[in-house]
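*Asks:* Based on what follows, work out the 3D shape:
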Amino acid sequence: MINYKKIQRGFTLLELMIALVLGLLIIAAALALFMNAQKSMNFQSGMSSLQQNANFGLAQMAHEIRHANLNTPSEQKINNKDIGSGVIFAASNLPTAVGSGADSKYFTRFGLDNDDTNLALGSSSDQLTIQFVPDIRGDEQYDCEGIKIITGRTYVYRYYLDKLPNEQQIPGALDRYGLYCDAGYYYTTTSTEVVGLGAQGQLVLQNVDAFKIRFLVKNPAKQLRYVTIQEYLDNLMPDDVTDKQDYHSIGAVEIGLLIASSESIGSDSRFNTQATYKIAGQDITLKPNTKNSQYLRQPITQVVSFRNTLGAF
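*Replies:* Numbering: from 1, shown residues only. Just a heads-up that it's a prediction; the model follows:
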């Protein structure tokens, strides 16, 4: 027999609405946690790739730059006058026959425009060109382009910024630039040019928006100061090649890089509004672009001592 006294009841409308609200609150809290975790992961991933890229490339570059002035006839001096100077500023830093056939646009220069900075504000990247004679002992050695080093040659390395090839660009993103090393060489007694200099170099660091350098110099009064390439060439060196008592000796180079993340930071770009940075003591400003804020950037600076000139410095 059916017991009609046992009446089964469902949820009331009020109970159902309360349950829905509680469920939505739980889902909203979980979604907020997920979004925050996703943002944190994007930042960490972007910063991790940025720092890993910088640490590896900068360490390799610093190692190579320390060879500057090694075994050259400069008497441990680095300036824009002496033949064999570890930093090449002018044809006077090369043997006469080589210097007369060399293209000055591949020497150490200030303010090139092949980067992601605003040229109108005069903050473009620099170029650093060094030379050395390798001391080969034991295992084979290779230049910065991965080519086997041959004894008897003076090697010339040019560090410069250039746009990455099209296949390495990201569609719809900013133009990407990289720091390259271009290697060449000459024979002191027979060469009339620096062989191989000026060709496309080997990529050292990718996603570099700007490259600036300063030199640590000591004046005749033994005072130290940092100067840009332009300041050194325009204000600190005598016109008379024989007037060496007024030379400002270079003992180190300060390398400044502005490195960008390879991945976008997505919705957090609205908080990333910085456009001006200081690297190697110099202000640089990015090109005006609405996509700039979509990428993390970090200025990185390292001082590299020219250990093959310490005696003269």
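*Asks:* C-alpha from now on. contacts and neighbour counts both.
*Replies:* OK.
*Asks:* do you know how far the spatially closest residue to Ile149 that is not a sequence neighbour is from Thr151?
*Replies:* Spatially, and ignoring its direct neighbours in sequence, Ile149 is nearest to Tyr142 (5.0 Å; CA to CA, 6 or more residues apart in numbering). Computed as CA to CA, to the nearest Å, the Tyr142 to Thr151 distance reads 11 Å.
*Asks:* Kindly report the same for Gln202.
*Replies:* 21 Å.
*Asks:* Between the two, which has more neighbouring residues?
*Replies:* Applying other CA atoms under 10 Å to Gln202 and Thr151 shows that Gln202 carries more neighbours, namely 16 against 12.
*Asks:* pLDDT value on the more buried one, please?
*Replies:* pLDDT, the model's per-residue confidence, is 92 for Gln202.
*Asks:* Find the centremost residue of this structure, please.
*Replies:* Centroid-nearest residue in the chain, with CA atoms, centre = their mean: Leu257, separated by 3.8 Å.
*Asks:* isn't it right up against Asn207?
*Replies:* No. Leu257 is not in contact with Asn207 according to CA atoms under 8 Å; the separation is 10.2 Å.
*Asks:* helix, strand or coil for Gln127?
*Replies:* Counting by DSSP: H, G, I helix; E, B strand; the rest coil, the backbone at Gln127 sits in strand.
*Asks:* now it, which residues is it bridged with?
*Replies:* Under DSSP bridges, the beta-bridge partners of Gln127 are Arg109.
*Asks:* what about it, distance to Gly23?
*Replies:* Counting by CA to CA, the gap from Gln127 to Gly23 is 61 Å.
*Asks:* which of these two has more neighbours?
*Replies:* Gln127 (21 against 12).
*Asks:* measure that one to Ile213 for me?
*Replies:* 8 Å.
*Asks:* With Ala19 instead?
*Replies:* Distance from Ala19 to Ile213, by CA to CA: 64 Å.
*Asks:* higher neighbour count, the two?
*Replies:* A direct count of neighbours by other CA under 10 Å for Ala19 and Ile213 places Ile213 higher, at 26 against 13.
*Asks:* Show the contacting residues for that one.
*Replies:* Residues in contact with Ile213 (CA atoms under 8 Å, 6 or more residues apart in numbering) are 126, 128, 228-229, 253-256, 280.
*Asks:* so which of these comes closest to Asn166?
*Replies:* Among the contacts of Ile213, Asp126 lies closest to Asn166 (CA to CA), at 22.9 Å.
*Asks:* wait, the closest one sits on Leu112?
*Replies:* Yes. Counting by CA under 8 Å, Leu112 is a contact partner of Asp126 at 5.7 Å.
*Asks:* Between the two, which has more neighbouring residues?
*Replies:* Taking other CA under 10 Å, Asp126 and Leu112 do not tie; Asp126 has more neighbours (24 against 19).
*Asks:* Tell me the pLDDT of that one.
*Replies:* So Asp126 comes in at 94 (pLDDT).
*Asks:* can you give me the end-to-end distance of stretch 257-276?
*Replies:* 13 Å.
*Asks:* Just the element for Lys77, please.
*Replies:* Applying DSSP states H and E as the criterion places Lys77 outside every helix and strand.
*Asks:* was I right about it contacting Thr309?
*Replies:* Yes. The pair Lys77 / Thr309 is scored as a contact, 5.9 Å apart, by CA under 8 Å.
*Asks:* Count the residues that sit near Leu13.
*Replies:* If you count neighbours by other CA under 10 Å, Leu13 ends up with 9.
*Asks:* which intervals of the chain have sub-threshold pLDDT?
*Replies:* For the chain, the stretches flagged by pLDDT under 70 are 1-11, 35-54, 119-123, 138, 236-247, 266-271, 310-313.
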